[in-house]
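> I need the structure of the sequence given here:
(chains A and B)
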Amino acid sequence: MFSAVTSAFIIDVQTNLQPDFQELSYELLKIVANATLGITADPTFPKWDGPDPTVVHVQSILYSSLAASLLSAFVAMLGKQWLNRYAQVEMRGSVVDRSRHRQRKMDGMVTWHFDLVMECLPLMLQAALLLLGYALSEYLFSISKTVASVLIGFTTAGLLFYLLIVSAATLSYNCPFQTPLSRILSFLIHLDNGHKRYLKRIRRWFGGVLSQKDKNRPRPKIGPHGWRGFGASDGNHPDDHIEVPMANVSDQPNPLFNKEADMDDLVLDSKCITWMFDTSMDADATMAIMRFIPEVVWHAGIRTTPLERIYDTVLERFDRSSGRPILIPKLREVTYLSAKALLHLAIQRQCIGNETDKAVFKSISDRHLIMWSGHYEGDSDLEVTLGIIDRVFGDSEPMHWQNFTFTIPHHIWMGHILLYRAWDILGKGVPLPDYIREFVLHSLRLEPPPPATVVADCLFIVGLVLGIKLHIADLFVADKGCVQFTRVRYEVKLNCLVTAVKSTLRSTESTRSSPRRSRTPPPPLTRSTVLWNPWNSLLRSQRRQRPRRVTSCSMLSCGPPFPSGKHLVSPCTGPSNGTNLCHGSMT
Amino acid sequence: MLKALPSLFPNLHGTASGARADFYDKFQREADEHDRDFMKKYDEDLNTTLIFVSVFSRPPRL
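You can find the predicted model right below:
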């Protein structure tokens, strides 16, 4: 019934574009007939002076309608091919590889607005229909106004109805009469908002780059290892660096990335995580995501992080109806994993310090609610993690580490996380917060001693505070899980570090009035006795004029050990807050 | 500094870790489901378009 709509009319109107041969032959026949009958009449040939302009107009509109519908058929055909390509699994490989590949294709779909293109297709057809209605109305109008008025009435009604539907659907998402046009309109409105935000971000970015340039200017040159050191020096006296050559040191600058660390893969990982967050939030998926997040290196190449959403996930697990955060007992495991993921992500991103992250951190810090409350019945891991979250996003008050007993994997993880935190904080020229300092002291004092990795992390933190220049490779741990295999490497590093720290401290001690104290091993620890406080002695030596002396340790380059005091910890306030360092555990 | 930073982070890449495999297992399932819906939606849309076009602009049988 509907068949041949456009084409039929085209063919019908087509005849009007050419001279009417029927009429012409009729006239000729008349002349011939008249001639045979002997009637002489003035032969009048019908004159053809081009088609009627209305017909030309109508015809061109009809053709455009036809062309539009054919074009949409063409795009539809291509679209099917695109879809097939998307569905096709192009590669064999592990689940991980295939998932990443799939995510890449999916990202492509989003970036290139596949949705929009597909939505445009029916739009073209609708336009074709409208054009047909208009052309027919106009054509009929030139023939019979009565018939045309009916058609015009219906076309107008249809158009008005369509416009009504589109505007309703654009304004309300819940409206069931969604049409492609309304989707596109709402997309454009949304895009407009995004556009503004984008502009703002660009402006902020430019501002950031400019101010960073100014900041960069007085910075020192890159050291022999391609590394500036751990920010413990103001860099104006390059000689003041204490350089500790560690294991496997070479003159070649270290490659920035480990060979197997494929940064693009990590970007894809992060996108998979973000997509998963968007798609599914059931408990199983959340657990898997949270367990996976600490495995990803959230490096600077990753633009967006699900930080805020993880924070919300953690926050949701608490019941705050009674005024203090109470963890819903069933959700203990997922809360612990989420909290770990949150800390991991937050601390890594803070080290990177990019502008969007800063905005996120600010918004989180502004609305941060205390999560820690001490009623988790011996669940130290969870409690400590929540405590650190509070300190990262809120105030950094001291923490009573001696009250907790963590499991070994957790302790190892915490050592790493706090090392990055310390690196970040000291790099910004802020003194080391109390809770990290106490963590170091607590871990070094533990009996039996914590695993080598924890000790290494603690010593690295001490090294950072002392301004000992470390090599990147020394922080690099291929696999935290395999302590046994990396143990040898660790011990070499540890020995170097211990020697360095000790000789640094010894050189300080020897300049003091009573050098004897550093030699005597401290009595067993009691809370009330101040034994031997490296932090205090450091500060004291700092205040004194800096004597130049060559240390006996060959590992140290000459020069005073503490070039600038701005990264040193604040003087301890009393004996009770645990600023004692057990000398014995360091040896 | 920013460039050097990534290598600071403990890198677990390349090791077959349980968390990664677990995550991608779930991811794959989720993605398959999503893709099936995605394909179905657009495939039907395209079919509708094609049918409409073929009806709309088929040459008339004379």
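> Neighbours of residue A:303, how many?
By the criterion of other CB atoms under 10 Å in any protein chain shown, residue A:303 has 11 neighbours. In short, each C-beta sits where N, CA and C put it, glycine included.
> For the chain, give me the ranges with low pLDDT.
I'll assume chain A. Confidence mapping of chain A against pLDDT under 70 gives the ranges A:1-5, A:41, A:43, A:45-46, A:190-262, A:373-378, A:396, A:468-497, A:504-587.
> other chain: chain B
B:1-17, B:57-62.
> can you map out the strands along it?
Counting by DSSP state E, chain B has no strands at all.
> where's residue A:17 relative to residue A:69, distance?
21 Å (CB to CB, to the nearest Å).
> Number of residues surrounding residue A:84?
When neighbours are counted by other CB under 10 Å, residue A:84 comes out with 11.
> For it, pull up the helix or strand it's in.
Assigned by DSSP states H and E, residue A:84 belongs to helix A:53-87.
> Which other helices and strands does the helix or strand following that helix contact?
Per DSSP H and E, the first helix or strand lying C-terminal to helix A:53-87 is helix A:95-111. If you count contacts as 3 or more CB pairs under 8 Å, 6 or more residues apart in numbering or on different chains; DSSP states H and E, helix A:95-111 packs onto helix A:263-279, helix B:18-56.
> now do 10 Å
Judged by 3 or more CB pairs under 10 Å, 6 or more residues apart in numbering or on different chains; DSSP states H and E, helix A:95-111 is in contact with helix A:53-87, helix A:114-143, helix A:263-279, helix B:18-56.
> can you put the ones you listed in TSV and add distance to residue A:12?
Below are these laid out as TSV (distance: least, CB to CB, whole Å):
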stretch	distance to residue A:12
helix A:53-87	10
helix A:114-143	9
helix A:263-279	53
helix B:18-56	16
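> Identify whichever of those lies nearest to residue A:431.
helix A:263-279 (32.6 Å; CB to CB).
> Please write out the alpha-carbon positions of the closest one in PDB.
The C-alpha coordinates for helix A:263-279 follow below in PDB (Å, rounded to 0.1, in the frame of the first residue of the first chain):
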ATOM      1  CA  MET A 263      51.700   2.100  30.300                       C
ATOM      2  CA  ASP A 264      49.100   1.800  27.600                       C
ATOM      3  CA  ASP A 265      47.900  -1.500  29.100                       C
ATOM      4  CA  LEU A 266      47.500   0.200  32.400                       C
ATOM      5  CA  VAL A 267      45.500   3.000  30.800                       C
ATOM      6  CA  LEU A 268      43.200   0.300  29.400                       C
ATOM      7  CA  ASP A 269      43.100  -1.300  32.800                       C
ATOM      8  CA  SER A 270      41.900   1.900  34.300                       C
ATOM      9  CA  LYS A 271      39.300   2.300  31.600                       C
ATOM     10  CA  CYS A 272      38.100  -1.200  32.200                       C
ATOM     11  CA  ILE A 273      37.700  -0.400  35.900                       C
ATOM     12  CA  THR A 274      35.900   2.900  35.100                       C
ATOM     13  CA  TRP A 275      33.600   1.100  32.700                       C
ATOM     14  CA  MET A 276      32.900  -1.600  35.200                       C
ATOM     15  CA  PHE A 277      32.000   0.900  37.800                       C
ATOM     16  CA  ASP A 278      29.500   2.500  35.400                       C
ATOM     17  CA  THR A 279      28.000  -0.700  34.400                       C
END
